[in-house]
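Visitor: 3D, please:
(4 chains)
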Number of protein chains: 2
Amino acid sequence: MRRAPQPLLLDLVFAALSDATRRGLLSRLIEGEATVGTLAEPLQMSLPAVSKHLRVLEDAGLLKRRIEGRTHYISANPKPLREAVNWIERHRQMWEGSFDRLAALVEQPPPEAPAKEHTKPKKS
Amino acid sequence: MRRAPQPLLLDLVFAALSDATRRGLLSRLIEGEATVGTLAEPLQMSLPAVSKHLRVLEDAGLLKRRIEGRTHYISANPKPLREAVNWIERHRQMWEGSFDRLAALVEQPPPEAPAKEHTKPKKS
DNA sequence: GCTTTATTTAACCTTTTGGTTAACTAAAGA
DNA sequence: TCTTTAGTTAACCAAAAGGTTAAATAAAGC
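Guide: The predicted structure is shown next:
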(Lines give C-alpha, C1' and ligand atoms only; values in the text may rest on other atoms or scores of the structure.)
Protein backbone atom coordinates (compact mmCIF):
# COMPACT_ATOMS: atom_id res chain seq x y z
CA MET A 1 0.00 0.00 0.00
CA ARG A 2 2.92 2.24 -0.40
CA ARG A 3 3.10 2.62 -4.13
CA ALA A 4 1.08 4.60 -6.56
CA PRO A 5 3.66 6.95 -8.06
CA GLN A 6 2.07 6.34 -11.42
CA PRO A 7 3.37 3.67 -13.76
CA LEU A 8 6.11 5.27 -15.80
CA LEU A 9 6.01 4.71 -19.52
CA LEU A 10 9.38 2.98 -19.35
CA ASP A 11 7.91 0.53 -16.86
CA LEU A 12 5.17 -0.34 -19.29
CA VAL A 13 7.47 -0.64 -22.27
CA PHE A 14 9.99 -2.90 -20.59
CA ALA A 15 7.26 -4.97 -18.98
CA ALA A 16 5.59 -5.37 -22.35
CA LEU A 17 8.87 -6.54 -23.85
CA SER A 18 9.54 -9.01 -21.06
CA ASP A 19 7.15 -11.62 -22.39
CA ALA A 20 8.19 -13.84 -25.29
CA THR A 21 4.68 -14.08 -26.66
CA ARG A 22 4.47 -10.32 -26.87
CA ARG A 23 7.89 -10.00 -28.44
CA GLY A 24 6.74 -12.59 -30.93
CA LEU A 25 3.73 -10.49 -31.75
CA LEU A 26 5.92 -7.48 -32.32
CA SER A 27 8.23 -9.50 -34.53
CA ARG A 28 5.30 -10.70 -36.51
CA LEU A 29 4.26 -7.11 -37.07
CA ILE A 30 7.46 -6.43 -38.93
CA GLU A 31 5.69 -8.05 -41.85
CA GLY A 32 3.12 -5.31 -41.51
CA GLU A 33 -0.37 -4.68 -40.25
CA ALA A 34 -2.43 -7.69 -39.22
CA THR A 35 -5.80 -8.41 -37.68
CA VAL A 36 -6.17 -9.76 -34.16
CA GLY A 37 -7.37 -13.10 -35.49
CA THR A 38 -4.45 -13.42 -37.85
CA LEU A 39 -2.03 -12.64 -35.05
CA ALA A 40 -3.70 -15.15 -32.76
CA GLU A 41 -3.93 -17.98 -35.23
CA PRO A 42 -0.41 -19.45 -34.96
CA LEU A 43 -0.20 -18.86 -31.21
CA GLN A 44 -1.63 -21.84 -29.43
CA MET A 45 -3.59 -19.85 -26.88
CA SER A 46 -7.10 -18.49 -26.73
CA LEU A 47 -8.18 -15.34 -28.51
CA PRO A 48 -8.90 -13.47 -25.27
CA ALA A 49 -5.37 -14.24 -24.14
CA VAL A 50 -3.98 -12.68 -27.30
CA SER A 51 -6.35 -9.78 -26.90
CA LYS A 52 -4.90 -9.16 -23.46
CA HIS A 53 -1.33 -9.30 -24.72
CA LEU A 54 -2.23 -6.80 -27.39
CA ARG A 55 -3.68 -4.53 -24.77
CA VAL A 56 -0.50 -4.67 -22.73
CA LEU A 57 1.46 -3.70 -25.82
CA GLU A 58 -1.02 -0.99 -26.66
CA ASP A 59 -0.90 0.45 -23.14
CA ALA A 60 2.84 0.68 -23.54
CA GLY A 61 2.25 2.60 -26.74
CA LEU A 62 3.90 -0.06 -28.86
CA LEU A 63 0.87 -0.73 -31.04
CA LYS A 64 -1.48 1.22 -33.19
CA ARG A 65 -4.99 -0.08 -33.76
CA ARG A 66 -7.08 0.84 -36.73
CA ILE A 67 -10.66 -0.32 -36.35
CA GLU A 68 -12.61 -0.86 -39.49
CA GLY A 69 -16.04 -2.34 -38.99
CA ARG A 70 -15.64 -5.30 -36.72
CA THR A 71 -12.04 -5.85 -37.69
CA HIS A 72 -9.10 -4.44 -35.74
CA TYR A 73 -5.95 -3.90 -37.75
CA ILE A 74 -2.90 -3.91 -35.53
CA SER A 75 0.43 -2.39 -36.43
CA ALA A 76 3.62 -1.60 -34.58
CA ASN A 77 4.47 1.80 -33.17
CA PRO A 78 8.20 2.13 -32.67
CA LYS A 79 8.20 5.49 -30.91
CA PRO A 80 8.34 4.30 -27.29
CA LEU A 81 11.22 2.02 -28.17
CA ARG A 82 13.44 5.01 -28.64
CA GLU A 83 13.17 6.07 -25.04
CA ALA A 84 13.77 2.50 -23.92
CA VAL A 85 16.87 2.11 -26.03
CA ASN A 86 18.06 5.52 -24.90
CA TRP A 87 17.88 4.42 -21.29
CA ILE A 88 19.75 1.24 -22.00
CA GLU A 89 22.40 2.81 -24.16
CA ARG A 90 23.04 5.54 -21.67
CA HIS A 91 23.73 3.00 -18.97
CA ARG A 92 25.54 0.52 -21.09
CA GLN A 93 27.91 3.15 -22.33
CA MET A 94 28.54 4.51 -18.87
CA TRP A 95 29.33 1.10 -17.57
CA GLU A 96 31.44 0.11 -20.47
CA GLY A 97 33.13 3.46 -20.33
CA SER A 98 32.99 3.92 -24.05
CA PHE A 99 30.79 6.88 -24.50
CA ASP A 100 31.26 7.52 -28.18
CA ARG A 101 30.90 3.98 -29.38
CA LEU A 102 27.32 3.67 -30.51
CA ALA A 103 26.32 7.18 -29.68
CA ALA A 104 25.56 7.86 -33.30
CA LEU A 105 23.16 4.98 -33.35
CA VAL A 106 21.15 6.32 -30.45
CA GLU A 107 21.08 9.84 -31.70
CA GLN A 108 20.10 8.74 -35.16
CA PRO A 109 17.07 10.94 -35.85
CA PRO A 110 13.97 9.70 -37.59
CA PRO A 111 14.41 10.41 -41.30
CA GLU A 112 11.41 12.69 -41.35
CA ALA A 113 11.22 14.73 -38.17
CA PRO A 114 13.88 15.99 -35.79
CA ALA A 115 13.07 14.18 -32.53
CA LYS A 116 10.77 16.46 -30.68
CA GLU A 117 9.45 14.55 -27.72
CA HIS A 118 12.19 12.70 -25.99
CA THR A 119 13.50 15.58 -23.98
CA LYS A 120 11.61 15.05 -20.79
CA PRO A 121 13.05 15.46 -17.34
CA LYS A 122 13.15 12.06 -15.81
CA LYS A 123 14.47 10.96 -12.58
CA SER A 124 14.89 7.18 -12.70
CA MET B 1 1.61 -26.71 -15.28
CA ARG B 2 1.14 -25.59 -18.80
CA ARG B 3 4.19 -23.48 -19.33
CA ALA B 4 7.79 -24.49 -19.40
CA PRO B 5 9.33 -22.97 -22.52
CA GLN B 6 12.14 -21.87 -20.19
CA PRO B 7 12.58 -18.29 -19.17
CA LEU B 8 14.63 -16.70 -21.90
CA LEU B 9 17.42 -14.39 -20.86
CA LEU B 10 15.71 -11.55 -22.70
CA ASP B 11 12.64 -12.14 -20.56
CA LEU B 12 14.69 -11.74 -17.43
CA VAL B 13 16.53 -8.67 -18.66
CA PHE B 14 13.44 -6.79 -19.76
CA ALA B 15 11.52 -7.82 -16.66
CA ALA B 16 14.40 -6.62 -14.51
CA LEU B 17 14.37 -3.27 -16.30
CA SER B 18 10.62 -2.87 -15.97
CA ASP B 19 10.78 -1.74 -12.36
CA ALA B 20 11.74 1.83 -11.51
CA THR B 21 13.41 0.82 -8.28
CA ARG B 22 15.67 -1.58 -10.12
CA ARG B 23 16.47 0.93 -12.82
CA GLY B 24 17.31 3.32 -10.03
CA LEU B 25 19.71 0.80 -8.57
CA LEU B 26 21.39 0.38 -11.93
CA SER B 27 21.64 4.13 -12.34
CA ARG B 28 23.18 4.40 -8.93
CA LEU B 29 25.78 1.83 -9.94
CA ILE B 30 27.07 4.16 -12.63
CA GLU B 31 28.91 5.82 -9.76
CA GLY B 32 30.60 2.52 -9.19
CA GLU B 33 30.59 -0.48 -6.92
CA ALA B 34 28.48 -0.26 -3.77
CA THR B 35 27.47 -2.46 -0.88
CA VAL B 36 23.92 -3.70 -0.44
CA GLY B 37 23.42 -1.51 2.60
CA THR B 38 24.64 1.57 0.79
CA LEU B 39 22.34 0.87 -2.10
CA ALA B 40 19.40 0.33 0.22
CA GLU B 41 19.95 3.35 2.40
CA PRO B 42 18.27 6.05 0.26
CA LEU B 43 15.48 3.75 -0.88
CA GLN B 44 12.66 3.91 1.62
CA MET B 45 12.01 0.18 1.69
CA SER B 46 13.30 -2.65 3.80
CA LEU B 47 16.66 -4.28 3.25
CA PRO B 48 15.15 -7.64 2.28
CA ALA B 49 13.14 -5.86 -0.40
CA VAL B 50 16.31 -4.38 -1.85
CA SER B 51 18.00 -7.74 -1.54
CA LYS B 52 15.24 -9.23 -3.66
CA HIS B 53 15.53 -6.53 -6.29
CA LEU B 54 19.25 -7.16 -6.47
CA ARG B 55 18.61 -10.83 -6.95
CA VAL B 56 16.26 -10.14 -9.84
CA LEU B 57 18.95 -8.01 -11.46
CA GLU B 58 21.56 -10.62 -10.74
CA ASP B 59 19.44 -13.41 -12.23
CA ALA B 60 19.17 -11.31 -15.36
CA GLY B 61 22.95 -11.10 -15.40
CA LEU B 62 22.94 -7.35 -14.91
CA LEU B 63 24.95 -7.38 -11.69
CA LYS B 64 28.21 -8.70 -10.46
CA ARG B 65 28.63 -9.47 -6.79
CA ARG B 66 31.95 -9.58 -5.05
CA ILE B 67 31.66 -11.02 -1.57
CA GLU B 68 34.30 -10.02 0.87
CA GLY B 69 33.74 -11.21 4.37
CA ARG B 70 30.20 -10.34 5.30
CA THR B 71 30.02 -7.50 2.82
CA HIS B 72 28.65 -7.86 -0.70
CA TYR B 73 30.02 -5.41 -3.21
CA ILE B 74 27.63 -4.93 -6.09
CA SER B 75 28.55 -3.62 -9.51
CA ALA B 76 26.85 -3.39 -12.85
CA ASN B 77 27.37 -5.86 -15.65
CA PRO B 78 26.42 -4.32 -18.98
CA LYS B 79 26.79 -7.43 -21.10
CA PRO B 80 23.16 -8.61 -21.21
CA LEU B 81 22.08 -5.12 -22.18
CA ARG B 82 23.68 -5.61 -25.53
CA GLU B 83 21.29 -8.38 -26.51
CA ALA B 84 18.35 -6.36 -25.26
CA VAL B 85 19.31 -3.31 -27.22
CA ASN B 86 19.99 -5.46 -30.25
CA TRP B 87 16.47 -6.83 -30.12
CA ILE B 88 14.96 -3.37 -29.77
CA GLU B 89 17.10 -1.75 -32.44
CA ARG B 90 16.38 -4.50 -34.90
CA HIS B 91 12.65 -4.00 -34.50
CA ARG B 92 12.72 -0.27 -34.24
CA GLN B 93 14.58 0.06 -37.47
CA MET B 94 12.36 -2.38 -39.28
CA TRP B 95 9.24 -0.62 -38.15
CA GLU B 96 10.50 2.83 -38.83
CA GLY B 97 11.52 1.61 -42.22
CA SER B 98 8.07 0.37 -43.08
CA PHE B 99 6.47 3.30 -41.36
CA ASP B 100 8.38 5.62 -43.63
CA ARG B 101 7.10 3.86 -46.68
CA LEU B 102 3.59 3.95 -45.31
CA ALA B 103 3.90 7.54 -44.19
CA ALA B 104 5.05 8.55 -47.63
CA LEU B 105 1.76 7.31 -48.98
CA VAL B 106 -0.40 8.65 -46.20
CA GLU B 107 1.12 12.08 -46.22
CA GLN B 108 0.42 12.48 -49.89
CA PRO B 109 -3.21 13.72 -49.89
CA PRO B 110 -3.78 17.47 -50.25
CA PRO B 111 -3.43 19.47 -47.01
CA GLU B 112 -7.15 20.33 -46.94
CA ALA B 113 -8.24 16.70 -46.61
CA PRO B 114 -8.18 15.63 -42.94
CA ALA B 115 -7.43 12.02 -43.83
CA LYS B 116 -10.18 10.06 -42.11
CA GLU B 117 -9.16 6.49 -42.17
CA HIS B 118 -12.02 4.67 -43.78
CA THR B 119 -12.12 7.11 -46.62
CA LYS B 120 -9.70 6.07 -49.26
CA PRO B 121 -7.36 8.75 -50.44
CA LYS B 122 -9.00 9.32 -53.75
CA LYS B 123 -7.16 11.69 -55.88
CA SER B 124 -9.07 13.55 -58.51
C1' DG C 1 32.74 -15.87 24.16
C1' DC C 2 29.36 -12.40 23.43
C1' DT C 3 27.60 -8.62 20.55
C1' DT C 4 27.16 -6.00 16.74
C1' DT C 5 27.04 -5.62 11.73
C1' DA C 6 25.92 -7.15 6.90
C1' DT C 7 23.10 -9.67 4.43
C1' DT C 8 20.10 -13.52 3.13
C1' DT C 9 16.24 -16.71 3.87
C1' DA C 10 11.66 -17.90 5.56
C1' DA C 11 6.95 -17.10 6.07
C1' DC C 12 3.40 -14.40 5.03
C1' DC C 13 0.31 -11.03 2.63
C1' DT C 14 -1.72 -8.42 -1.28
C1' DT C 15 -1.70 -7.13 -6.07
C1' DT C 16 -0.59 -8.22 -10.72
C1' DT C 17 0.00 -11.35 -14.52
C1' DG C 18 -1.21 -14.74 -17.78
C1' DG C 19 -4.18 -18.00 -18.78
C1' DT C 20 -9.00 -20.15 -19.11
C1' DT C 21 -14.24 -20.38 -20.54
C1' DA C 22 -18.58 -18.04 -21.05
C1' DA C 23 -21.11 -14.11 -22.25
C1' DC C 24 -21.49 -9.92 -24.74
C1' DT C 25 -21.35 -6.37 -28.76
C1' DA C 26 -21.58 -5.33 -33.14
C1' DA C 27 -20.64 -5.73 -38.10
C1' DA C 28 -21.42 -8.79 -42.33
C1' DG C 29 -23.73 -12.10 -44.92
C1' DA C 30 -27.55 -15.36 -45.92
C1' DT D 1 -34.36 -11.37 -39.91
C1' DC D 2 -31.35 -14.78 -38.49
C1' DT D 3 -26.63 -16.44 -38.31
C1' DT D 4 -21.97 -16.15 -38.60
C1' DT D 5 -17.74 -13.66 -37.75
C1' DA D 6 -14.40 -10.52 -35.15
C1' DG D 7 -13.27 -9.08 -31.21
C1' DT D 8 -13.73 -7.56 -26.31
C1' DT D 9 -15.30 -7.93 -21.53
C1' DA D 10 -16.44 -10.57 -17.35
C1' DA D 11 -15.52 -13.90 -13.97
C1' DC D 12 -12.51 -16.91 -12.38
C1' DC D 13 -8.02 -19.30 -11.17
C1' DA D 14 -3.05 -20.32 -10.19
C1' DA D 15 1.33 -18.47 -10.06
C1' DA D 16 4.53 -14.70 -9.77
C1' DA D 17 5.85 -10.08 -8.08
C1' DG D 18 6.79 -6.87 -4.59
C1' DG D 19 6.44 -5.73 -0.19
C1' DT D 20 6.54 -6.76 5.02
C1' DT D 21 8.60 -8.68 9.68
C1' DA D 22 11.10 -12.27 12.01
C1' DA D 23 14.69 -15.57 12.01
C1' DA D 24 19.05 -17.34 10.37
C1' DT D 25 23.99 -17.03 8.93
C1' DA D 26 28.29 -15.56 9.43
C1' DA D 27 32.07 -12.16 9.73
C1' DA D 28 34.07 -8.38 12.86
C1' DG D 29 34.83 -6.15 17.07
C1' DC D 30 35.13 -6.00 22.02
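Visitor: Okay, strands next: where are they in chain A?
Guide: With DSSP state E applied, chain A shows strands at A:34-35, A:63-68, A:71-76, listed in chain order.
Visitor: what separates the residue nearest to residue A:16 when sequence neighbours are not counted from residue B:82, distance-wise?
Guide: With sequence-adjacent residues excluded and distances taken as Cβ to Cβ, 6 or more residues apart in numbering or on different chains, residue A:16 is closest to residue A:60, at 3.9 Å. (Each C-beta comes from the backbone N, C-alpha and C, glycine too.) Between residue A:60 and residue B:82 the computed distance is 22 Å (Cβ to Cβ, to the nearest Å).
Visitor: who has more neighbours, these two?
Guide: Neighbours per residue, other Cβ atoms under 10 Å in any protein chain shown: of residue A:60 and residue B:82, the larger number sits with residue A:60, 24 against 14.
Visitor: and that one, what does it touch?
Guide: A:9, A:12, A:13, A:15, A:16, A:80 (Cβ atoms under 8 Å, 6 or more residues apart in numbering or on different chains).
Visitor: what's the closest non-adjacent residue to the second one?
Guide: Read that as residue A:12. residue A:60 (4.0 Å).
Visitor: Likewise for the fourth one?
Guide: Ranked by Cβ to Cβ, 6+ apart and with sequence neighbours excluded, the top spatial neighbour of residue A:15 is residue B:18, at 3.9 Å.
Visitor: Then the last one?
Guide: Setting aside the residues directly before and after it, residue A:80 is nearest to residue A:61 in space (Cβ to Cβ, 6+ apart), at 4.3 Å.
Visitor: quick one, what contacts that neighbour?
Guide: Counting by Cβ under 8 Å, 6+ apart, residue A:61 has contacts A:9, A:12, A:13, A:77, A:79, A:80.
Visitor: Flag every buried residue along the longest helix along chain A.
Guide: With secondary structure taken from DSSP state H, chain A has its longest helix at helix A:79-96. Of all the residues in helix A:79-96, those buried under the rule 16 or more other Cβ atoms under 10 Å in any protein chain shown are A:79-85, A:87-89, A:91-95.
Visitor: State the distance from the residue positioned nearest the centre of chain A to DNA strand D.
Guide: Nearest to the mean C-alpha position of chain A, counting by Cα atoms, centre = their mean, stands residue A:62 at 3.8 Å. Here the criterion is Cβ to the nearest atom of the strand, to the nearest Å. By it, residue A:62 lies 14 Å from DNA strand D.
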